[in-house]
Structures are given as C-alpha cells and as structure tokens.
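Chemist: here is a sequence together with a model predicted from it:
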Amino acid sequence: MKNNLVNLSDSYKYSHFLQYPKGTEIVHSYLESRGGKYDSVVFFGLQYILKEYLSKPITKADVEETAELCALHGEPFNKAGWMHIVDFHDGYLPVVIKAVPEGMTLKPHNVLLTVENTDPLVPWLTSFLETLLLKVWYPTTIASKSYAVRKMLEKHHEETMDDINGVGFAFHNFGDRGSSSVEAAALGGVAHLTQFLGTDNFNALTLARDIYGEKIAGFSIPASEHSTVTSWGKTSEFDMILNYVEKSKGMPIIACVLDSYNIYNAVEYVTKHLKPRIESDEYPIFVIRPDSGDPIRVIGKILQIMERNKVAYTVNTKGFKMFNKYRIIWGDGITPDVIDDILIFAAEEGYAAGNFAFGSGGDLMQNVNRDTCKFAIKCSAVVVNGVEREVFKDPITDPGKASKRGRQTVIKWKTAGWADKKLDQIETIPLSEFDPELHEEVLQEVYRDGSISNKHTLVKIRELTRKNVYEEARRDALNNKKV
C-alpha cells in the first residue's frame with residue numbers, strides 16, 4: 001500500500017483550515033499519557049514514524065489524489081495550502097517536533113513530544129499530524145508493559161537467584177502471528193526488545209536494524225511445535241523427542257512442546273529415560289514446554305515428576321533449587337499476573353525464578369489500546385496576529401481530561417537539592433517558566449522541515465531504560481523517607 005502522507009489524517013481534520021481564528025500563525029500541541037495502567041511510561045517508536053512517513057516529500061500527485069478523495073468523501077480540502085508546501089518547501093512538512101529521548105521513562109502526565117508549524121501560512125498542519133503522531137501510543141505502550149514485566153521479573157530473580165543476568169531472556173515475544181499487520185508486529189516487536197533479548201518475532205529484527213542501528217536485536221532457540229510432534233503420530237511421540245534431542249546434540253539449548261497428548265507421560269520420558277543424555281555435557285539444556293491447562297497445577301505436577309526422577313539441581317546461595325540441564329517455559333495465556341503467580345508458587349516450593357521463562361503473544365501485543373495509558377495530543381498554545389495565547393480544555397464532566405496551558409517543555413532539575421525537594425527530578429513545566437540556571441531541557445529537537453536529528457540507537461535506548469530503574473529506586477527511597 002502506497003503511503004500518501006496527505007491521506008493520513010482523520011476525515012474531519014481536512015475541514016479544520018477553515019475553523020481557526022483569522023490571523024492564526026502558529027499552533028503548538030503536545031503528547032502525553034494522562035494516566036492509565038502503568039506508573040511508568042517508556043517513550044518509544046517516534047523515530048520509525050519520522051523516518052517512514054515524514055522524511056519523504058509530498059508531491060503534486062499526492063495532493064491531487066487527496067483532493068479527489070475529499071471531493072468524493074464530502075470534506076473540504078485546502079489544496080492551496082498543500083501546494084504551498086510542495087512549491088515552497090519542496091514537499092517537506094514545515095513543522096518542528098521535539099521529544100524526550102526514546103527509552104526515557106517518565107511518570108504519566110508528562111509531555112512526551114511537542115509539535116508546531118514553522119511556516120505561519122500553514123498553522124492547521126500541526127493538528128493535521130495528530131492522527132499520525134499519536135500512533136506512537138502503540139510502541140510506547142508495549143515498551144511500558146515490557147518495562148513493568150521486567151521490573152517484576154527482576155524482583156523475583158533478586159529474591160531467589162544469585163544474580164539477575166537471566167532476566168533478559170525470561171519474557172519471550174510470541175506475538176507476531178496475532179498482530180493486526182506486518183508493520184504492527186515489527187514495531188511492537190522492537191518495543192518489547194527495548195527491555196528483553198529473547199523473541200520469536202523475527203520480523204522485528206529488520207526494523208531494529210534499519211531504524212535503530214542494531215545488527216541483531218534479539219535471539220531465539222530451536223523449538224518444536226505441535227505439527228512437528230503430531231506428524232509422527234500419537235504412538236511415536238517419544239520417537240520424535242528422541243530424534244529431536246539427538247539431532248540437537250552439541251547445541252546450547254532447545255525447547256520441546258510436550259502436551260500434544262499426555263504432558264505428564266512426556267515429562268516422565270524426558271526426565272527419566274532421556275535424563276542421562278540431557279544431563280551430559282554433549283546435549284543441550286532441555287526446555288519443557290507445557291501449552292495447556294492451569295499453569296500452577298500443571299507446573300506443580302511437572303516439578304513433582306522431576307523431583308521423583310531425581311533431576312539434577314544445585315541449591316544457590318539464597319537456598320533455592322536451580323535445575324542443571326532443564327528449564328520450563330509457559331507460553332499459553334500468559335499475562336503479567338500469571339507470571340507473578342507462577343513465580344510466587346515456584347518460590348514457595350523452593351525453586352528459583354531462573355528455572356522458568358515465559359512467552360506472551362496476544363496479551364503482550366494485542367491486549368493494549370490507546371486508553372491503556374490514556375494517550376492524547378492536545379493543542380496548548382496558538383499565535384494569532386503575533387500574539388501568543390494559552391489554549392486548554394477543562395470539561396466539567398471529566399476533570400481527568402483537562403489539558404495543559406501554553407507552550408510546554410520537559411526539564412531535569414540541575415541540582416540534587418532541587419531534585420530532592422521535587423521528588424521527581426524530571427517534570428513538565430510551561431516553557432515560560434524555564435530557567436537555564438535551574439533547569440536542563442530534556443526535550444530534544446528530532447524533526448525540522450523534513451530533517452531528522454538526535455537519532456537513537458537500540459543500544460542507547462536499552463542503556464537509558466536500565467538507568468531509569470536506578471532513578472526510580474532512588475525516587476521511591478526519597479518518597480519513603482519523607483512519609
């Protein structure tokens with residue numbers, strides 16, 4: 001499908017050039033999360049939108065196509081305004097976009113980006129871009145969800161493991177097949193990879209490479225599926241498993257789905273009859289994959305079988321058992337709450353969190369929407385006949401939808417003293433209150449008149465999210481101290 005940028009807005013926005021006050025020159029808008037499910041929002045995905053949609057000029061043919069569609073659709077069209085962009089700006093959009101660095105973690109209600117036109121002849125362009133720019137809600141929500149899961153996994157690993165080095169591979173993305181489009185799968189897949197290293201979303205690897213400069217962003221392992229098991233027939237299931245193990249000799253790790261027929265018989269086979277092979281140095285770590293039933297009940301019975309068959313384990317310094325050559329991955333119906341429940345149960349039974357990994361598809365990639373984090377773009381300032389006005393909404397029926405007033409910016413307090421007093425070192429303030437003696441501006445210019453700047457790599461994004469964990473811990477400690 002050809003992407004004509006002039007077509008990428010809501011229908012009603014094509015009429016808005018007729019509705020602004022006479023003399024309007026500048027329109028300033030901002031994006032924020034107005035709350036929602038997560039107490040931390042990880043900004044991610046804008047760079048893809050900028051490169052894919054805003055780095056290419058529009059053409060006269062694009063304008064003509066949209067003009068024809070609007071006439072048939074019942075909407076007025078500002079053909080003269082769009083042709084002005086083609087003729088005087090070589091087709092590049094005259095807007096400036098500022099944003100917090102991708103990978104930065106902020107509390108809800110902070111500005112994540114601002115946008116305003118740079119040519120006073122096209123003030124309507126700012127709001128026209130809302131439809132496209134707001135699509136950053138999706139990768140940002142996936143990154144925020146993955147961040148929340150990572151913090152939870154780190155907590156379990158800290159409580160039951162000697163280190164947290166395995167967390168990066170503890171939450172696997174199984175969500176490509178359930179995504180609404182190839183593009184959504186890729187963008188959501190890279191958003192997950194801002195927090196983790198394990199993925200089966202192969203599609204995401206090219207976007208991570210092409211947009212975020214990462215040669216290889218994620219890793220996977222050989223794994224069976226029901227078709228490769230059941231193609232052998234019910235009576236030959238164990239022959240398939242043995243063949244798979246033998247052909248994987250010398251590999252570091254493999255996974256095998258064991259619930260095609262009787263999960264417990266299959267676990268008995270791999271932890272008793274194949275145990276001498278698997279526990280030798282010649283064969284890979286064997287990951288048991290149940291794929292149906294109640295996870296606590298099924299995992300509990302699997303652990304009992306493994307104990308009965310004396311599967312080798314070591315006890316770490318925190319007193320929890322860690323299997324030497326076996327692991328368990330659960331990928332059916334996984335949500336953050338289910339992960340938490342499984343690891344709590346495992347710890348109560350004496351097993352370290354590192355024995356377990358989790359795969360999530362539908363919940364990770366599809367069980368989200370724009371209201372998960374209540375994303376919105378709102379106009380907060382206009383310039384009319386050279387005079388700047390604060391703009392805001394304040395509906396009496398929903399105070400949560402009240403918007404910010406005036407041009408906005410995001411700052412970091414320069415001094416530790418101010419940071420302690422404010423608790424949150426990073427916050428949003430009106431641009432008119434910015435003081436270079438006290439504040440360091442966090443918003444970075446990322447786009448101006450067709451040029452992209454301040455590009456981010458996945459390496460830097462991952463570094464920033466790890467840094468945020470420690471800053472959150474510091475803030476929480478300050479909060480607790482002041483209570």
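Modeler: Here it is on my side, so go on. Fair warning: this is a prediction, and the values are worked out from it, not measured in the lab. Numbering: from 1, shown residues only.

Chemist: now residue 400: how far from residue 289?
Modeler: The gap separating residue 400 from residue 289 is 43 Å, by C-beta to C-beta, to the nearest Å. (Glycine included, C-beta is placed from N, CA and C.)

Chemist: which one's more surrounded, the two?
Modeler: Using other C-beta atoms under 10 Å, the more surrounded residue of residue 400 and residue 289 is residue 289, with 21 against 9.

Chemist: how about that one: what's its closest non-neighbour residue?
Modeler: Leaving out its chain neighbours, the residue that sits closest to residue 289 by C-beta to C-beta, 6 or more residues apart in numbering is residue 257, at 4.6 Å.

Chemist: give me phi/psi at that neighbour?
Modeler: Here is the backbone geometry of residue 257 (degrees, to the nearest 10): phi -70, psi 130.

Chemist: ok, now the one 10 residues further on?
Modeler: Phi and psi for residue 267, reported as degrees, to the nearest 10, are phi -60, psi -40.

Chemist: repeat that for residue 183.
Modeler: Here is the backbone geometry of residue 183 (degrees, to the nearest 10): phi -70, psi -40.

Chemist: neighbours of it, how many?
Modeler: 16.

Chemist: what's the answer for residue 151, then?
Modeler: Counted with other C-beta under 10 Å, residue 151 comes out at 16.

Chemist: that one sits in which helix or strand?
Modeler: helix 137-160 (DSSP states H and E).

Chemist: show residues contacting the next helix or strand after that helix.
Modeler: Downstream of helix 137-160, the first helix or strand assigned by DSSP H and E is strand 171-173. By C-beta atoms under 8 Å, 6 or more residues apart in numbering, the residues outside strand 171-173 that reach it are 146, 149-150, 153, 189, 192-193, 195-196, 198-201, 204, 218, 220, 329, 331, 339, 357-361, 364-365.

Chemist: over to stretch 127-134?
Modeler: With contact meaning C-beta under 8 Å, 6+ apart, stretch 127-134 is reached by 5, 8-10, 13, 16, 27, 29, 31, 46, 49, 53-54, 93, 95, 97, 113, 115, 370, 375-377, 379.

Chemist: what residue lies at the spatial centre of this protein?
Modeler: Nearest to the mean C-alpha position of the chain, counting by C-alpha atoms, centre = their mean, stands residue 143 at 2.1 Å.

Chemist: my guess is that one contacts residue 189. True?
Modeler: No. Using C-beta atoms under 8 Å, residue 143 is not in contact with residue 189; the gap is 11.1 Å.

Chemist: mean confidence score for stretch 8-27?
Modeler: Mean per-residue pLDDT for stretch 8-27: 97.

Chemist: where does the protein dip in pLDDT?
Modeler: 1, 416-424, 469-483 (pLDDT under 70).

Chemist: re the thing from before, the residue nearest to residue 289 contacts residue 225, correct?
Modeler: Yes. At 6.2 Å, residue 257 counts as touching residue 225 under the criterion of C-beta under 8 Å.

Chemist: higher neighbour count, these two?
Modeler: Set side by side, residue 257 and residue 225 show more neighbours around residue 257, with 24 against 13, by other C-beta under 10 Å.

Chemist: that one: what's it in contact with?
Modeler: 223-226, 229, 289, 291.

Chemist: okay, and which of those residues map to helices?
Modeler: Among the contacts of residue 257, the members found in helices (DSSP state H) are 226, 229.

Chemist: write a ChimeraX command that selects only the buried members of the contacts of residue 257.
Modeler: Only the buried entries of those go into this ChimeraX selection, using 16 or more other C-beta atoms under 10 Å:
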select :223,224,229,289,291
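
Chemist: which among the contacts of residue 257 gets closest to residue 302?
Modeler: The closest of the contacts of residue 257 to residue 302 turns out to be residue 289 (C-beta to C-beta; 10.5 Å).

Chemist: hmm, the closest one is touching residue 331, no?
Modeler: Yes. Assessed by C-beta under 8 Å, residue 289 is found in contact with residue 331 at 6.8 Å.

Chemist: the strand or helix carrying residue 389 pairs with which strands?
Modeler: Residue 389 is part of strand 387-390, with elements assigned from DSSP H and E. Strand 387-390 sits in its sheet next to strand 375-384 (antiparallel), going by DSSP bridges.

Chemist: who touches the strand it pairs with?
Modeler: Here strand 375-384 has contacts from 20-21, 23-34, 115-116, 120, 123, 126-127, 130, 133-134, 136-137, 140-141, 388-393, 401, 403-408, using C-beta under 8 Å, 6+ apart.

Chemist: now do the contacts for the nearest residue to residue 168 once chain neighbours are set aside.
Modeler: Leaving aside its sequence neighbours, residue 168 sits nearest to residue 197 (C-beta to C-beta, 6+ apart; 4.1 Å). Contact partners of residue 197, counting by C-beta under 8 Å, 6+ apart, are 168-169, 218-219.

Chemist: which among those residues count as buried?
Modeler: Looks like the contacts of residue 197 have 168-169, 218 buried, using 16+ other C-beta under 10 Å.

Chemist: coming back round to it: which among the contacts of strand 375-384 end up buried?
Modeler: 20, 24-34, 115-116, 123, 126-127, 130, 133, 136-137, 140-141, 391, 403-404, 406-408.

Chemist: next step: those restricted to strands.
Modeler: 24-33, 115-116, 408 (DSSP state E).

Chemist: with distance to residue 176 added, can I get the residues you listed in TSV?
Modeler: Formatted as TSV, these follow (distance: C-beta to C-beta, whole Å):
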residue	distance to residue 176
24	44
25	46
26	42
27	38
28	38
29	33
30	33
31	27
32	30
33	26
115	31
116	37
408	36
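
Chemist: which one of the residues you listed sits closest to residue 322?
Modeler: Set against residue 322, the nearest of these by C-beta to C-beta is residue 33 (38.4 Å).

Chemist: and the closest one, how far from residue 59?
Modeler: Using C-beta to C-beta, residue 33 is found at 35 Å from residue 59.

Chemist: try residue 31
Modeler: In terms of C-beta to C-beta, residue 31 sits 28 Å off from residue 59.
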